[in-house]
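> Compute the structure for the input listed below.
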Amino acid sequence: MRRFIVKLLFSLMLCLFILGTVLMSFWYTFSYSNVRVTHPAVKKTVSEKCQNCREQSVIDRLLQTHIVDWEKQEHKFQSFRAQLNSRCDGLSKAIISQTNTPLGSKVVYDGEKRKPIQVTPKLFSTFPKEHPFGNRTFTSCAVVGNGGILMNSSCGGEIDEAQFVIRCNLPPVDHGYQRDVGNKTSLVTANPSILLDKFNGLMELRRPFVDSLGSYGDPLLVLPAFSYSRNTPVSLRALYTLQDFDSPVRPVFLNPEYLHNLARFWKAQGLQAIRLSTGLIMASLALELCANVQLYGFWPFSKDPHSKHPLTNHYYDDQQAKKTIHAMSTEFSHLLMLHNQGIIRVQLGKCQAGTRRATPSLHPPVSPLRH
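As a prediction, this is how the structure comes out:
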């Protein structure tokens, strides 16, 4: 009987041990799976909150220094413009021409310093004989970025009043956007990636590309053909396509020497960036071209500066950049400093319908560079 009780107790203890082991296994598995599933989401949420806090901190700091009642300071404007002109000379060097890039010379790629391209007779024939700007300057310029801040801004009329209007990267100006961004276009840039993504590099049908430019009228189309060697073939195809279809759009190429000098200029101003954005390049060019410069759609943040409501990345979509090589917020802080000094005006709010902030245009709304 005693042996039976001992056996029974031993069996009971063994069963309890086995049961405990099984329960511990279940508990460990369940706890581990919970950690694996929930931890990334929690981490992402915390990361997003931290990122939003950092962005809001930057916005608050910028708005504290932003001068709302802007007035141009002519002396400071002329001083800054003279610095730009002496170091970059955008009036005669921003665009490649037969005058500044002679036959037989070598063009050094802006992003590939050790890979120059020889200017052959065929390549030389694609350059305009003279620089498209010459020594001409304009009374007023509007440089239109593509930021979501332009949505519902009612700035279209104000933008179209400028004598010279610059737009970046083939943005839409029709389909209901005109009220916010206008449609007058004197110069528009095109990143080769747009030609590759939207028009298959112009290797197949080319008519859609020509038709897509119809809403701009007869502007200069500025292509960075010599930023990288891979940009040259597609930029040349764009030029040949527009010539073949007798388009009024006039393609020209950015001069990598100008881009190099401009990057050095902004570096001397304290701007640290891998590459300058198209917006900053065009704003810099406008400061040499125009007596009065206003920026629209320049706001590289995801919240409205006043209402704090979320903004799309562009006024026409929310597509994010595939990779970031531009210091957008740093560039903006430099532009805002110029605004506060009375050199350039940055529009951050809605425009007042019927109020003419820009200097009145002295010419009808056609391209002022048309020959």
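
> which residues in this protein form helices?
For the chain, the helices defined by DSSP state H cover 2-65, 74-87, 90-93, 121-124, 156-160, 178-181, 192-199, 207-212, 231-244, 256-268, 278-289, 328-340.

> Could I get the buried residue list for the last one?
I take that to be helix 328-340. Buried residues in helix 328-340, counted by 16 or more other CB atoms under 10 Å: 328, 330-336, 338-339. All C-beta atoms are positioned from the backbone trio N, CA, C, and that covers glycine.

> again with the second one
Judged by neighbour count using 16+ other CB under 10 Å, the buried positions of helix 74-87 are 77, 80-81, 84.

> ok, now which ones touch residue 224?
110, 189, 191-192, 231, 235, 253-254, 259 (CB atoms under 8 Å, 6 or more residues apart in numbering).

> Out of those residues, flag the one nearest to residue 283.
Checking the contacts of residue 224 against residue 283 by CB to CB gives residue 189 as the nearest, at 12.0 Å.

> Next one: the closest one from residue 59, what distance?
Using CB to CB, to the nearest Å, one gets 27 Å for the distance from residue 189 to residue 59.

> the more surrounded of the two?
residue 189 (22 against 18; other CB atoms under 10 Å).

> who's that one bridged to?
For residue 189, the beta-bridge partners under DSSP bridges are residue 222.

> From residue 158, how far off is it?
Relative to residue 158, and taking CB to CB, residue 189 is found at 21 Å.

> just residue 341 next, same as before
Distance from residue 341 to residue 158, by CB to CB: 22 Å.

> what do you get for residue 117?
41 Å.

> Residue 90 too?
Counting by CB to CB, the gap from residue 90 to residue 158 is 25 Å.

> again with residue 137
Taken as CB to CB, the span from residue 137 to residue 158 is 21 Å.

> Between the two, tell me which one has more neighbours.
Neighbour tally, residue 137 and residue 158, criterion other CB under 10 Å: the higher count belongs to residue 158, 22 against 15.

> Next, count neighbours for the closest residue to the more buried one other than its chain neighbours.
Leaving aside its sequence neighbours, residue 158 sits nearest to residue 351 (CB to CB, 6 or more residues apart in numbering; 4.7 Å). For residue 351, the neighbour count with other CB under 10 Å is 18.

> Surely residue 351 is in contact with residue 161?
No: here residue 351 does not reach residue 161: they are 10.4 Å apart, not a contact under CB atoms under 8 Å.

> how about low-confidence regions in this protein?
In the predicted model of the chain, residues 1-51, 322-326, 353-371 satisfy pLDDT under 70.

> How is it divided into domains?
1-65, 70-346 (automatic domain parsing).

> Quick check: which of these is buried the most?
Across the domains of the chain, the average number of neighbours (mean count of other CB atoms under 10 Å) peaks for domain 70-346, which reaches a mean of 18.

> So what would you say the end-to-end distance of it is?
9 Å (CA to CA, to the nearest Å).

> Contact partners for the nearest residue to residue 85 once chain neighbours are set aside?
With CB to CB, 6+ apart as the criterion, residue 85 has its nearest non-adjacent residue at 5.6 Å, and that residue is residue 288. Neighbour list for residue 288: 81, 84-85, 88-91, 94, 137 [criterion: CB under 8 Å, 6+ apart].

> which of the residues you listed lies closest to residue 185?
residue 94 (17.4 Å).

> looking at it, that closest one is touching residue 134, isn't it?
No: using CB under 8 Å, residue 94 makes no contact with residue 134, being 12.0 Å away.
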